[in-house]
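Visitor: The sequence isn't on hand, but the structure is:
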């Protein structure tokens, strides 16, 4: 059941979201005239991790809790309990990972 929930979420939301978000992000960085590769990477990672990741994590928790069949009260509690630790761990892994 958990595997199917993850496959459903990934196929319906995660992959399309990341694809189009990063196309949008690339276009915005180019439009801003940022040409230096290091500055472009720092700008993309900053926007991705500090503007896009926080609401994405909440959306992920909402979707996974809903797909588990939890009530709205349980879903709100899951978001309240798990959002910050999940986001913090995301930053620990993905900020350095994107910069390599």
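Guide: Everything's here; your move. Just so you know, these numbers come straight off a predicted model, no measurement behind them.

Visitor: Now find how far off-centre the helix or strand of the chain with the lowest mean pLDDT is within its chain.
Guide: One helix or strand of the chain scores below all others by mean pLDDT, DSSP states H and E: helix 2-9, with a mean of 89. The chain centre lies 16 Å from the centre of helix 2-9; the measure is CA atoms, centre = their mean, to the nearest Å.

Visitor: Going by contacts, tell me the helices and strands next to it.
Guide: helix 53-67 (3 or more CB pairs under 8 Å, 6 or more residues apart in numbering; DSSP states H and E). Any C-beta I mention is one placed from the backbone N, CA and C, and that applies to glycine too.

Visitor: Next SSE downstream of the helix it packs on?
Guide: Following helix 53-67 in sequence order, the next helix or strand is helix 72-99 (DSSP states H and E).

Visitor: Residue 18: neighbour count?
Guide: Look at residue 18: counted by other CB atoms under 10 Å, it has 14 neighbours.

Visitor: repeat for residue 9
Guide: For residue 9, the neighbour count with other CB under 10 Å is 17.

Visitor: Skipping adjacent residues, who's closest to it in space?
Guide: Once flanking residues are discounted, residue 9 sits nearest to residue 63: 5.3 Å by CB to CB, 6 or more residues apart in numbering.

Visitor: Does that neighbour touch residue 11 like I think?
Guide: No: with contacts counted by CB atoms under 8 Å, residue 63 stays clear of residue 11, the gap being 11.9 Å.

Visitor: Which of those two has more residues huddled nearby?
Guide: A count of neighbours by other CB under 10 Å puts residue 63 above the other of residue 63 and residue 11, at 17 against 10.
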